[in-house]
Each structure stands twice: as C-alpha cells, then as structure tokens.
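Undergrad: coords please:
(one chain, ligands or ions: 1)
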Amino acid sequence: MTSGPLIRPRRLRTSPAMRLLAAETRLHAADLVLPMFIREGIDQPAPISSMPGVVQHSLESVRAAVTEAAELGIGGVMLFGIPMVKDAVGSGATDENGILNAAARIVASEVGDALVVQTDLCLDEFTDHGHCGVLDARGSVDNDATLLRYNDMAIAQAGSGSQLLGLSGMMDGQVASVRDALDSAGFTNTALLGYAAKYASAFYGPFRDAVDSSLQGDRRTYQLDPANRREGLREIMLDIEEGADIVMVKPAMSYLDVLADASAASEVPVWAYQVSGEYAMIEAAAANGWIDRERAIEESVLSIRRAGADVVLTYWATELARSLR
Ligand code: PBG
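TA: Below is the predicted model of the structure:
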C-alpha cells in the first residue's frame, strides 16, 4: 500500500504522443478561413502598416495568394474590396464591375471549386462617411433603407460567383431580407453567414487602416455593446430564425463566453473571427521579443476552436495551414 494521490491526471501528459492522443481540440486547415483585401487601382500588393505580413492585394496578385490558400487546403477565403471612389450610398458595392465583385469573379474562377469563396456584405468600405449603411436626413444609419442596398449587393455578389455572403453590417432583419432577395433572383444556393454577434470593438482598429476607412465616430448604434452577453445570444438566435446558414461571433478572443453560449445553443455551424487587433497585438508583442510568436498564434486559434468555433477566420490561415502540414 503506497501513499499518494489515487487519481493522477498527469498520466495523460507524460509524453508528446500521449498528449496528442488526449487532445480534445485539433487545428486543421479546412477549419480556417483567410480574410483578404483587394484594392482597386494598384498593380503591386501594398503592405498594411498596422498588420505586418498582411497586404492589400491587386486584382492580379490575389490570384497567386488564393491558389496557395487552396493548395494548402484552407476552407475558404473572405474577400474585402477597397474602391477608389466612395459615395454616400456606396455605389461601388452594387456595381458588377466594382472592386469586390470583380475580385469575386477572379477568385471564383481560380479556386471556386477548391475552397469556398466568400464576400463581405457591408457598405462601410464603399461609403464616403464610412458607415455600414446609408444615412437618413439627420445623419443616423437608416436600417430599412440599408436593407434595400444589401439586397442589391447580395445579388451582385452572388452573380459574381461568391458562394457565401458575410453579412457584417448588424442591421436588424438583414438576414431575412437578403435571403428573400436572393431567392427571388434565383440564387437559392448562395449561403449566408450572419455576423450575428458582432461587437462595437476597439480591436477592429488595424482593419480600418487595411480598408482605408473614412469612418468618423463609431458604430455603437448598430454593433453590440461589449458589456452584453445575453444580447449576443439573442442576436445569434435571431439570425438563425431569419435563415442564416452559419452564424458568427466577432471579435473572438475577448468574446469566448458569447462563443461558448452560441455553440451550445446553435443548430447551425458557429464561426468566430479573430480580428485585426487580435492579430496586431500578437505580432507586435512577438516583434518585441515578448512572446513566442508561433506558440501564441497556435494557442490563440486553438482557444477559439475550444470555446466552440467550428471555423476560425484568421489572418494567419495560410501560415497555420503550412505549419499544420
Ligand atoms: C465591416 C467589417 C469590419 C471588420 C470586418 N467587417 C470592420 C468594422 O465593423 O468596423 C473588422 C475585421 C477586423 O478587424 O479584422 N465591413
């Protein structure tokens, strides 16, 4: 009879092989989506200073980047367009030759069979005031007038070959509205990703650089208040009722509670978006030698999967997929 603990959880941690076998969560390239920026009017990729390693692509340079993503087995790419000209209603978003629709056509023809081509469905990159919708006479974002713009945008994107539309504008009723517009136009197979629980977050800072955002002020009248967990779940359930094929929580790391709630309650896949600020923080700390870059990247994405995300949108998707080979 020896003394000591009867139960020894450390047994499952004794060797790398044992730890691998006991791992509850794994990363796989197919569970990653790469967000990408395509800018109108450039012929060389342009670096984004607040997101070292991420570029604004030209319509030409995006081809090689998506081919690489497809070869590495990444699940999809989410495209964002940066137009040369912006106006009050975001005309470039519904122009079939607008930068995002043009990029979707190119990417769909390059890799549309190998991965899921996705487009951001929101007006903020295309409006001169930088808001996600159109404004009313008093300068507030007009929910229902914006839905009409989203409907047209959806038809333009679906017609350009986008297979999954990312509704990131946080307008009430946007999923139902876009679903109805797509179905009426015959795009019954175009899927919808509802950015259901999208919070008004400081962690989008570097993204605003990435898309040359012209936003004055903030998005607190439409994006969720970071204080609210229950309301995040409410938005998730509403998007599912409205017909979202997939729902998303965004940002990821500061909202893992919301993600876990969504994952427990949802009957459709739940994704999470590891946003620009999450990327920039780790890159900056690593550049200073303060954290181990590769381990921090892997741990951050693994945590998001562990909390309940089926798929993670991350700017490290290509790099991670390569290291997972
Ligand atoms: C809106 C949109 C934003 C992001 C994705 N879609 C910006 C915002 O809401 O201000 C942020 C993504 C990131 O920070 O990486 N079209």
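Undergrad: Which single residue in the stretch 101-250 of the chain comes nearest to the ligand?
TA: The minimum distance from the stretch 101-250 of the chain to the ligand, using Cβ to the nearest ligand atom, falls at F207 (3.1 Å). In this view, the C-beta of every residue, glycine as well, is placed from N, C-alpha and C.
Undergrad: Could you say whether that residue sits in a helix, a strand or coil?
TA: Following DSSP: H, G, I helix; E, B strand; the rest coil, we place F207 in the helix state.
Undergrad: Let me know whether it touches V275 as I believe.
TA: Yes: the pair F207 and V275 passes the contact test of Cβ atoms under 8 Å, sitting 6.5 Å apart.
Undergrad: returning to that earlier point: what sits against the residue of the stretch 101-250 of the chain closest to the ligand?
TA: F207 makes contact with 213, 275-277 under the criterion Cβ atoms under 8 Å, 6 or more residues apart in numbering.
Undergrad: rerun that using 10 Å as the cut-off
TA: For F207, the contacting residues are 35, 37, 48, 50-51, 54, 80, 124, 201, 213, 275-277, 279-280, 315, by Cβ atoms under 10 Å, 6 or more residues apart in numbering.
Undergrad: Name the nearest of these relative to Y222.
TA: If you rank the contacts of F207 by distance to Y222 using Cβ to Cβ, D124 comes first, at 10.6 Å.
Undergrad: partners of the helix or strand containing M248 in the sheet?
TA: For M248, the host element (DSSP states H and E) is strand 246-250. Strand 246-250 has the following strand partners under DSSP bridges: strand 191-198 (parallel), strand 270-273 (parallel).
Undergrad: okay if I get the ones you listed as CSV plus distance to G41, mean neighbour count and mean pLDDT?
TA: What follows is the strands paired with strand 246-250, written out as CSV (distance: least, Cβ to Cβ, whole Å; neighbours: other Cβ atoms under 10 Å; pLDDT from 0 to 100):
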stretch, distance to G41, mean neighbour count, mean pLDDT
strand 191-198, 28, 26, 97
strand 270-273, 27, 28, 98
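Undergrad: can I get those strands in a markdown table with distance to A262?
TA: Output for these, formatted as a markdown table (distance: least, Cβ to Cβ, whole Å):
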| stretch | distance to A262 |
| --- | --- |
| strand 191-198 | 7 |
| strand 270-273 | 5 |
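Undergrad: Make a markdown table from those strands and add distance to the ligand to it.
TA: Output for those, formatted as a markdown table (distance: least, Cβ to the nearest ligand atom, whole Å):
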| stretch | distance to the ligand |
| --- | --- |
| strand 191-198 | 7 |
| strand 270-273 | 6 |
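Undergrad: For this protein, what lies in contact range of the ligand?
TA: 120, 122, 124, 168, 204, 207, 219, 275-276 (Cβ under 6 Å from any ligand atom).
Undergrad: What residues does P45 make contact with?
TA: 37-39, 54-58, 60-62, 64-65.
Undergrad: Now for the closest residue to it other than its chain neighbours: which residues touch it?
TA: Spatial nearest neighbour of P45, excluding adjacent residues (Cβ to Cβ, 6 or more residues apart in numbering): V55 at 4.0 Å. Residues near V55 by Cβ under 10 Å, 6+ apart: 36-37, 39, 42, 44-48, 61-62, 65, 210.
Undergrad: Got a ChimeraX select line for the buried ones in those?
TA: The following ChimeraX line selects those of the contacts of V55 that are buried, judged by 16 or more other Cβ atoms under 10 Å:
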select :36,37,39,42,45,48,61,62,65,210
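Undergrad: hmm, back to that, which neighbours do F207 and V275 share?
TA: Common neighbours of F207 and V275 (Cβ under 10 Å, 6+ apart) are 35, 201, 315.
Undergrad: Which member of those is positioned nearest I155?
TA: Using Cβ to Cβ, P35 comes nearest to I155 of the shared contacts of F207 and V275, at 22.7 Å.
Undergrad: Strands of the stretch 101-250 of the chain, start to end?
TA: Secondary structure of the stretch 101-250 of the chain by DSSP state E, counting those that start in this stretch: the strands cover 116-121, 164-167, 191-198, 246-250.
Undergrad: could you list every residue that touches the closest residue to V85 other than its chain neighbours?
TA: Spatial nearest neighbour of V85, chain neighbours left out: G92 (6.5 Å); criterion: Cβ to Cβ, 6+ apart. G92 makes contacts with 40, 81-86, 98-101, 123, 125-127, as judged by Cβ under 10 Å, 6+ apart.
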